[in-house]
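A.B. asks: Sequence and predicted structure are below.
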Amino acid sequence: MFSTLLFIFGALITLVISQDCVPYSSPYDFSSGYPTVWETPTNNDFNTDEFQQVYNSIDWSQVPDIEPHQVVNGALDSSNYPDSDPDCWWSYKQCTTPNAPGLQPDIAICPEPETWGLTYDDGPNCTHNAFYDFLKENNQKATMFFIGSNVADWPNEAQRALTDGHQICVHTWSHPYMTTLSNEGVLAELYYARKAIKYVCGVTPLCWRPPYGDVDDRVRAIAQQLNLATIIWNLDTNDWDMEPAGSETPDQIDANFQSFVSMGQNGAFANSGCIVLEHELNNGTMSKAIEWYPQIKSAYQYVVPIATCMNITQPYAESNYTYPSFAEYTGTN
């Protein structure tokens, strides 16, 4: 075990996080009925009777015929893509209002003013208990975007998110660039991640976030037919790119947080709120989340999950699970 020392408004807080994640036994069997953990689904996964039933349930006439994009030298290639952005490709110009008919706009802001939409990607993390303890002690709920492979690896941690009252959304099975996949690949990434969450947590999410924000109208159309609303963000802390795993220094990440805190203080979100991208990725990202939380709470009148800021009181397909409205959560009713 090691301790991370955080100074928050003069108070010393010790965040204790285990360096190593120790695998454990669980009653959940992912050896069949799912793709290999941390691998993008393949033809072997597409050719099962179960997946074929899901595939045949999709009205493919409603899915735009868009060619998958390519990755060149580790990055999405937009060199031959039209500047007019006909496919509302978020990775190109951060488009969130689809061009294809019948598609719902992405959720990219909180409509409630002076509101910080609190979201964390890439969980569940096997070292997140100290972080979740902090959220619980502050009676703070958030929207957690879970990777299906992480749910398979760490089911107890996934269950804690639901027990603690956080909103759980899909973040794909293996975290790929979604617009680079075939239709079958897109469907499998969403379907199996949702299936894993249902298996472990007992709820079926109605929301998802594309890894890297990489979504276009083809991917949106497939997600929408799975009853998954697309949630993006309008502020990015870049915490995922912090040293030592990434290229940005902690000071640079602090500057991003400070900029967003200043925006809350200077009235930038007086008419509508923000949705902020943070990560439950490692000790560094979770420590930054804790470090900046008091200043966020001070700068914004409300800090809430996305279901709350959108007044979604039924965040899962199961009708027996309800969520407080914005007024109920914030005590403004």
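C.D. replies: It's in.

A.B. asks: contacting residues for residue 254?
C.D. replies: Each residue near residue 254 by C-beta atoms under 8 Å, 6 or more residues apart in numbering is listed here: 288, 292. Any C-beta I mention is one placed from the backbone N, CA and C, and that applies to glycine too.

A.B. asks: Would you mark the buried spots in the helix or strand where it lies?
C.D. replies: Per DSSP states H and E: residue 254 is located in helix 250-265. Of the residues in helix 250-265, those buried by neighbour count under the rule 16 or more other C-beta atoms under 10 Å are 253, 256, 257, 260, 261, 263, 264.

A.B. asks: any idea how far residue 118 is from the residue positioned nearest the centre of the chain?
C.D. replies: The central residue of the chain, meaning the one whose C-alpha is nearest the mean C-alpha position (C-alpha atoms, centre = their mean), is residue 145 at 3.0 Å. Noted for residue 145: a distance of 12 Å to residue 118, by C-beta to C-beta, to the nearest Å.

A.B. asks: pLDDT score for the residue nearest to residue 181 when sequence neighbours are not counted?
C.D. replies: Across the structure, with C-beta to C-beta, 6 or more residues apart in numbering as the measure, the residue nearest residue 181 apart from its sequence neighbours is residue 68 (6.1 Å). According to the per-residue confidence, residue 68 scores 99 in pLDDT.

A.B. asks: For residue 68, give me its contacts.
C.D. replies: With C-beta under 8 Å, 6+ apart, residue 68 has these contacts: 179, 180, 181, 182.

A.B. asks: switch to 10 Å and redo it
C.D. replies: Contacts were defined as C-beta atoms under 10 Å, 6 or more residues apart in numbering; by that measure residue 68 touches 177, 178, 179, 180, 181, 182, 183, 185, 186, 216, 218, 219.

A.B. asks: can you check residue 194 too?
C.D. replies: By C-beta under 10 Å, 6+ apart, the residues touching residue 194 are 146, 148, 169-170, 172-173, 203-206, 208, 226-228, 317.

A.B. asks: Next: residue 227.
C.D. replies: Applying C-beta under 10 Å, 6+ apart to residue 227 gives the contacts 194, 204, 205, 206, 207, 317.

A.B. asks: Just name the closest of those residues to residue 329, please.
C.D. replies: Of all these, the one with the least separation from residue 329 (C-beta to C-beta) is residue 207, at 16.8 Å.

A.B. asks: which residues sit in contact with that closest one?
C.D. replies: Counting by C-beta under 10 Å, 6+ apart, residue 207 touches 107, 143, 145, 167-171, 223, 227-231, 306-307, 310, 312, 315-316.

A.B. asks: Do you have the helices of this structure handy? List them.
C.D. replies: With DSSP state H as the criterion, the chain has helices at 43-46, 49-57, 90-93, 129-137, 148-153, 155-163, 183-201, 217-225, 250-265, 283-299, 306-309, 326-330.

A.B. asks: Between helix 283-299 and the fourth one, find me the angle.
C.D. replies: I take that to be helix 129-137. 20 degrees (axes from the mean of the first three to the mean of the last three C-alpha atoms, to 10 degrees).

A.B. asks: Now do helix 129-137 and helix 155-163, the angle between them.
C.D. replies: Computed by the same axes, to 10 degrees, the angle between helix 129-137 and helix 155-163 is 10 degrees.

A.B. asks: other SSEs contacting helix 129-137?
C.D. replies: Using 3 or more C-beta pairs under 10 Å, 6 or more residues apart in numbering; DSSP states H and E as the contact test, the elements touching helix 129-137 are strand 2-8, strand 11-17, strand 115-123, helix 155-163, helix 283-299.

A.B. asks: So what's the gap between the third one and the chain middle?
C.D. replies: Right, the one you point to is strand 115-123. 7 Å (C-alpha atoms, centre = their mean, to the nearest Å).

A.B. asks: Report the strands that pair with it, each with its relative direction.
C.D. replies: The partner list of strand 115-123 in its sheet, established with DSSP bridges, is strand 143-146 (parallel), strand 274-279 (parallel), strand 302-304 (parallel).
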